[in-house]
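# Need coordinates for the following:
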Amino acid sequence: MANYHAGNSVSAKQNFDNALNALLSSNLDIRSDDRLQKEFDHIVQGVNELYPGGTAADSEQAQGTQQKAEPAPIDQTNDATNGLAPAAAAGVRAKAEAEIKNTHSDLPLMMTDQVAGYITYFSGYGRGVFERAYARSGRYHDMMVATLKEQGLPQDLIYLAQAESGFHPQAVSKAGARGIWQFMASRGIGYGLHHNMWVDDRQDPEKSTRAAARHLKDLYNQFGDWYLAMAAYNSGPGTVQAAVKRTGYADFWELYNRNVLPKETKNYVPIILAVTIMAKNPSQYGLDSVAMEHPAEYDTVKISYPVDLRLVAECVNSTPEELQNLNPSLLRLTTPREGQFDLHLPAGTKDQYETAIASIPADMRLWWRYHTVHSGDTLATLARTYHVTAKSITEANHLDDPELEADAKLVIPIAPGKHPLSDTATYARRITRYKVHAGDTVETVADNFGVSAQMLRRWNGIRGNSLSGRRIIALHLPISPSAHPTEVASARTSSHTSAHTSKAKHPATAPAPPAETATVKPPATKSAQIERMEVSRLNSKEVVHHKVKSGETLYSIANAYRTTVAALKRDNRNVAVIRPGMILTVQLAR
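Here you go, the predicted model:
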């Protein structure tokens, strides 16, 4: 601060950088100590306040808000088990060995202590991670199996995706791998998965599945063994080839026992085998009651113009969140600025969309909006809400009468860059720490995490593209605007817990401690709260608040209220894990 006030800007920036590095490079969990967290937040706030541009508001408004990322389940599993294969509970191995004899699989299934340990983990502490992935598999199972079969591959390789990403297209690992099949950017490009600031093919379920099938086929042809191929899929073929050359053994379990593979790779194959055995024996593992999700039905419109998903949602009476789910490859709430894009719409709405969008000038489809008139709306109130003039609304809609009819749709001609603040999003406040690896640059790290290199430099006080000399860098994962629940809380959980960085301190065989929950917040603005209430009213749904009891899951709660897990997550800021005492918002159809 002394340097800053003395006008020594360069030195002050270096001071902030040193302070951040001191905290981030320590062996301490900053979020576990309120004093450290407070100091860390203070430093970050200082950077943002003293050096404008530390937040993403302006650049994001110009480029389109970025999509929310999800933590990769493979990271969650490794963190929860401290990177070690957990101990198997009594009788688990014997039971699993008996099940394997009656399990038909086109992958070789082998039972070891490590596999039994992960079955124990997924049956207890990691049950929630497993069940969510198992339920979500219903969305993609048929498509993936057909693709694998087409390539002549074992169809049970689908469980590699369950272990990696939990079948979540927006899953991002700590290393920056993305999508259902967790491709790194460079590897994805080699298999035709291209990306830019608008679209990432790694997050396209169908394109990434075809790429993964080709990659796995290449790896099997190289190693002639599915366990080695899976290990190479995790750590790269060069790593596995070096281990084979060093030991002379082209056998995964020999490499495992000789400890010549990276820790995560050693656990990778046992995790996949455990997931496969459990998923193919649902009755034995209490999975019969899990409500499986279904493939999404959609219409496709091939467009050659950029359009904001919020405008698309207004055209088809949907939500931006639903459209993001139908178009997971979009990194932002807009379609690409150039080229063609296959826009997926809710089933049966193609004609409705094309009719509605025709009234919006092609060069204004990133900015203009539709508004459904509600009781009490006037030209004056709409003008204030959207920061436009009443005259512009009148002219855009060719209105002869200033009186507005309820349920009528009006075009709102918002000037470029003039959206209300509540209409944009920024990056997550929580900081994700990334361990720098050899060969990393600002551009490659930013590329993998789907953030701009400019923002990564600002967050870490970096000028060029080199990360030389840095062990840890900080970044904020992109988030998308979503409906804010009017009343969601957690039961005295630490607000500093992050799914991306925390590690469980309990062995997998110990009684499962209360699960950490995603941090949720009330509406950031009064207008957001009013908007939420209005959406609820329009949908003719009754909102109730459910206090989570011990033993409940998202699935049991969804079934009790005759709703879906997807709806619960949507209305509770995409909460992934719940704990007793947490309050969930539930919308009930009347």
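# C-alpha from now on. contacts and neighbour counts both.
Fine.
# which secondary structure element contains the nearest residue to P295 once chain neighbours are set aside?
Closest residue to P295 in three dimensions, ignoring its sequence neighbours and counting by C-alpha to C-alpha, 6 or more residues apart in numbering: R139, at 4.0 Å. Assignment of secondary structure by DSSP states H and E places R139 within helix 127-150.
# about what we covered before: need the pLDDT of the residue nearest to P295.
R139 is assigned a pLDDT of 95 by the prediction.
# Now do the contacts for it.
With contacts defined as C-alpha atoms under 8 Å, 6 or more residues apart in numbering, the neighbours of R139 are 293-296.
# same check, this time on A396
When contacts are taken as C-alpha under 8 Å, 6+ apart, A396 is in contact with 411-413.
# Could you tell me the per-residue confidence at it?
So A396 comes in at 91 (pLDDT).
# looking at this, it is in a helix?
Yes: under the criterion used here (DSSP: H, G, I helix; E, B strand; the rest coil), A396 sits inside a helix.
# secondary structure element for Y434?
Following DSSP H and E, the helix or strand that holds Y434 is strand 432-435.
# what about the stretch 301-450 of the chain, any weak spots by pLDDT?
Low-confidence segments of the stretch 301-450 of the chain, defined by pLDDT under 70, span residues 417-430, 450.
# returning to that earlier point: can I get the strand holding Y434 as PDB, trimmed to CA atoms?
As requested, the backbone C-alpha atoms of strand 432-435 are provided in PDB (Å, rounded to 0.1, in the frame of the first residue of the first chain):
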ATOM      1  CA  THR A 432      -9.300 -22.300  -7.800                       C
ATOM      2  CA  ARG A 433      -5.600 -23.000  -7.400                       C
ATOM      3  CA  TYR A 434      -3.800 -24.600 -10.200                       C
ATOM      4  CA  LYS A 435      -0.400 -26.300  -9.800                       C
END
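# Mind listing what's buried along it?
Neighbour-count burial for strand 432-435 flags 432-434 (criterion: 16 or more other C-alpha atoms under 10 Å).
# which other helices and strands contact that strand?
strand 472-475 (3 or more C-alpha pairs under 8 Å, 6 or more residues apart in numbering; DSSP states H and E).
# For the strand it packs on, enumerate its sheet partners and note whether each is parallel or antiparallel.
The strands beside strand 472-475 in its sheet (DSSP bridges) come out as strand 432-435 (antiparallel).
# Packing partners of the next helix or strand after the strand it pairs with?
Using DSSP H and E, the helix or strand that follows strand 432-435 towards the C-terminus is helix 442-449. Using 3+ C-alpha pairs under 8 Å, 6+ apart as the contact criterion, the secondary-structure elements in contact with helix 442-449 are helix 453-460.
# Sort out which residues of the helix it packs on are buried, please.
Of the residues in helix 453-460, those with enough neighbours to count as buried (16+ other C-alpha under 10 Å) are 453-460.
# any idea which of those is the one closest to V115?
For those, the residue nearest V115 by C-alpha to C-alpha is L456; the value is 38.9 Å.
# Pull the distance from stretch 366-375 to the chain's centre.
Relative to its chain's centre, stretch 366-375 lies at 29 Å (C-alpha atoms, centre = their mean, to the nearest Å).
# Please apply the same query to stretch 165-175.
For stretch 165-175, the distance between its averaged C-alpha position and the chain's averaged C-alpha position is 6 Å (C-alpha atoms, centre = their mean).
# State the mean pLDDT of that stretch.
For stretch 165-175, the per-residue pLDDT values average out at 90.
# Ends of it, what's the gap?
End-to-end distance for stretch 165-175: 13 Å, by C-alpha to C-alpha, to the nearest Å.
# Need the contact partners of that stretch.
Taking contacts as C-alpha under 8 Å, 6+ apart, the residues outside stretch 165-175 that touch it are 68-75, 129-130, 132-134, 136-137, 140, 161, 178-182, 202-205, 328-329, 434, 448-449, 500.
# Could you do stretch 317-330 as well?
With C-alpha under 8 Å, 6+ apart as the criterion, stretch 317-330 contacts 67, 169-170, 198-205, 296, 298, 309-310, 312-313, 333, 343-346, 482, 570.
# Among the buried residues of helix 453-460, show me the least confident.
Out of these, that is Q454, at 74.
# element containing L109, please.
Assignment of secondary structure by DSSP H and E places L109 within no helix or strand.
# Pull up the gap between the residue most central in space within the chain and F449, please.
Closest to where the C-alpha atoms of the chain average out (C-alpha atoms, centre = their mean) is E70, at 2.3 Å. With the distance defined as C-alpha to C-alpha, E70 ends up 11 Å from F449.
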